[in-house]
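> Provide a 3D model corresponding to the input given below.
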Amino acid sequence: MTSMDDYDEVRRMIEVVHHACAAEDFDAAATVLYNRVYRGPRAYSTHVLGAWETTLDTLTDFYPFRDLSLDPRLEDPPARRWIQHETAACLHVLGRLHLAAELGGRAAAAAIQVGDRHNAAISYHNLAESHLAAGALASCRTVANDALRLAVEAGEMEDELVACTILGRLDDLADQHEQAAKAFARALEIAVTYTSVPLLYSLSGIRYADHLMVGGRQEEALSAIRSNLAFCREQGWQSDVALALAQLATFVPMHPEAQAHVDEAVRISRTIGANETLAETLLARVSLELRIKALDAARTDLSEVLTHVQSAGYRLLEVEARTMLAMVRKDQNETIDASAEAELAAQLSRELNYERGYRRANEILRTLRS
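Presented below is the predicted three-dimensional model:
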């Protein structure tokens, strides 16, 4: 657990950043932000404390008139690009996908202009995530391939690993599982051979475990997610811990601790204010509620999910939510409404070229019509 002293120290340092920005000493402010608030690449204020709103508010001070359509006011170009990158990351987590994609694209373009392939690849990773969440799968694939190309050109193995897992995820969502297997195999090879952490962790680990489970490799999937959960707990990465707990609960829904896992995942998600993570953990809880026929609870959770995903534009999660709502209504003998939800999920999936979503929605429709 994070101590109150730690939290208070971060708050004090954020005040220092605010005052430095007010005095227009933006480069000094960025140094304090990176070293004392983010604590370097650990990204303490966001990934550990989950203070996404507070961090975004702090980052906004670097922009003229707090207008994110303008460039940050720093003399140091790498610091300027870092501020843009982190602003885009916060916007994504908080559900402002369009603006996140805009800033992510600007950060990547600025890095490419000066030949900084490593940071351009990282910005492309985040941009791909924004496209993925919005259901822009073709755009996501284009950007992920750009990230992969830049990583290979720069010889940045970890950047290549992340790009491979994004592409593997896209292949799984397209029901192209053999192609996905190649992407994840390459990512795992890099992790084992070239990095200090010989496993796929964070979102990469979540996606790899899902790939294994879809392929019927349950024991390997459980091993992957448990290793990922342990590593993310050790790092203090709250959002990743929540997602891993939710995934573990859905993988073994009959386990005595499954309900406790998913409830903890939802609690963490609410605490950190990460809208996409909250929607995903709530959907995991709905899957358990469907299994035990807690249908009223499932409808309540799905109502909340749909509010979040429609407001933010998380189109893939909207498909999942509507598919689950169709299942709830089917179980409550609301056949007409169930068919309407499943048809909407199928239509949205087709518009997005989301094959997995289209297949699942149509499976429900076939059951309803039989």
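
> list the contacts for residue 129?
Residue 129 sits next to 92, 140, 166, 203 when contact means Cβ atoms under 8 Å, 6 or more residues apart in numbering. Yep, even glycine has a C-beta here, placed from its N, CA and C like the rest.

> make JSON lines from these and add secondary structure and neighbour count to it.
Listed next are these as JSON lines, based on DSSP: H, G, I helix; E, B strand; the rest coil; neighbours: other Cβ atoms under 10 Å:
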{"residue": "92", "secondary structure": "helix", "neighbour count": "26"}
{"residue": "140", "secondary structure": "helix", "neighbour count": "23"}
{"residue": "166", "secondary structure": "helix", "neighbour count": "27"}
{"residue": "203", "secondary structure": "helix", "neighbour count": "19"}
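
> which residues are contacting stretch 184-197?
157-158, 160-162, 164-165, 168, 198-200, 204, 207-208, 211, 231.

> just stretch 340-356 next, same as before
135-138, 172-175, 315-316, 318-319, 322-323, 325-326, 329, 357-358, 360-362, 364-365, 368.

> mind redoing it with 6 Å?
With contact meaning Cβ atoms under 6 Å, 6 or more residues apart in numbering, stretch 340-356 is reached by 135, 137, 173-175, 315, 319, 322-323, 325-326, 357-358, 361-362, 364-365.

> circling back to that earlier point, can you tell me which of the contacts of stretch 184-197 are buried?
The neighbour-count test (16 or more other Cβ atoms under 10 Å) marks 158, 160-162, 164-165, 168, 199-200, 204, 207-208, 211, 231 as buried among the contacts of stretch 184-197.

> pLDDT score for residue 361?
Predicted confidence (pLDDT) for residue 361: 97.

> also residue 115?
So, for residue 115, pLDDT stands at 94.

> I'd like the numbering to begin with 53 instead of 1 from here.
Noted, 53 is the first residue going forward, which turns the last one into residue 167.

> and it, helix, strand or coil?
At residue 167 the chain is in coil, as set by DSSP: H, G, I helix; E, B strand; the rest coil.

> burial of it, as a residue count?
Neighbour count of residue 167, defined by other Cβ atoms under 10 Å: 8.

> ok, it to residue 134 distance?
To residue 134, residue 167 is 16 Å away according to Cβ to Cβ, to the nearest Å.

> for residue 91, same thing?
Note on residue 91: its distance to residue 134, by Cβ to Cβ, is 14 Å.
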